[in-house]
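**Q** Coordinates for the following, if possible.
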Amino acid sequence: MIAEEKIIMENESLFKDNVTKDSSCSIIKYQIHTGDTIPKFNRTGRIPIHYEHEIEQEINKNLELGIIRQSNSPWSSRILPITKANGSLKLCIDYRPLNKITIKDRYPLPRIDEILDFLSTAKLFTTLDATAGYYQIEVDERDKEKTAFSWKEGHYEFNRMPFGLCNAPPHSKEPWTLC
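**A** Presented below is the predicted three-dimensional model:
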């Protein structure tokens, strides 16, 4: 057994295929800076009936995992069900109205020429893929209400960083940079 395999075997609990209640990163909290903006409430339009059961399953799963929670938020964004390549449903929230009023983070993208220079002498390479990466990052308590959405009789907000927020991509890179 080579050294890398031994390290992986000794730390097997760190490698998960699914999001769990305890699989969030608390190094940083995702913040949504909107200044003094009045909350935006956008109702979800009509959703095709064949999506309803899958949406309810996804919401229930996310509640159970602690990814979302019940909410009283004055904010709300529309649900956008998206079909993945494998045919399953991805529950997306249309954060375009929220993104318009969010102060954008200015996080520098890495320069490809610098990365290639850095890697030119490397002998070993690896790829890391965080399972449901965005869901690993917690939303700051003060900003959870801004992630709210409604479905049928319920109003929910995210405890973990959802897909679709304008500052999520640079923010998802931050924990990797800090570690």
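**Q** what's the offset of stretch 107-116 from the middle of its chain?
**A** 23 Å (Cα atoms, centre = their mean, to the nearest Å).
**Q** Quick check: end-to-end length of it?
**A** 20 Å (Cα to Cα, to the nearest Å).
**Q** mind listing what's buried in that stretch?
**A** Within stretch 107-116, no residue counts as buried by 16 or more other Cβ atoms under 10 Å. For glycine as for every other residue, the C-beta is placed from the backbone atoms N, C-alpha and C.
**Q** same check, this time on stretch 154-168
**A** By 16+ other Cβ under 10 Å, the buried positions in stretch 154-168 come out as 155-168.
**Q** just for this protein, where's the confidence low?
**A** 1, 4, 7-8, 11-27, 127-134, 173-179 (pLDDT under 70).
**Q** And the strands in it, which stretches?
**A** 25-30, 68-70, 78-83, 89-94, 137-139, 149-151, 154-158 (DSSP state E).
**Q** hang on, Q31 packs against D140?
**A** Yes. Counting by Cβ atoms under 8 Å, D140 is a contact partner of Q31 at 4.6 Å.
**Q** Can you get me a residue count around L98?
**A** Other residues near L98 number 24, with proximity taken as other Cβ atoms under 10 Å.
**Q** and what of K123?
**A** By other Cβ under 10 Å, the residues close to K123 number 4.
**Q** Please report the distance of it from D36.
**A** Here the criterion is Cβ to Cβ, to the nearest Å. By it, K123 lies 53 Å from D36.
**Q** just to revisit the earlier point, pipe the buried residues of stretch 154-168 into CSV and attach distance to E5 per row.
**A** As requested, these are exported to CSV (distance: Cβ to Cβ, whole Å):
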residue, distance to E5
H155, 47
Y156, 41
E157, 41
F158, 36
N159, 35
R160, 31
M161, 32
P162, 35
F163, 33
G164, 37
L165, 37
C166, 40
N167, 37
A168, 33
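**Q** Out of these, which is nearest to T83?
**A** Distance to T83, by Cβ to Cβ, is smallest for F163 among those, at 14.7 Å.
**Q** ok so, going back, among the buried residues of stretch 154-168, which one lies nearest to N72?
**A** Closest to N72, out of all of the buried residues of stretch 154-168 and judged by Cβ to Cβ, is H155, at 7.0 Å.
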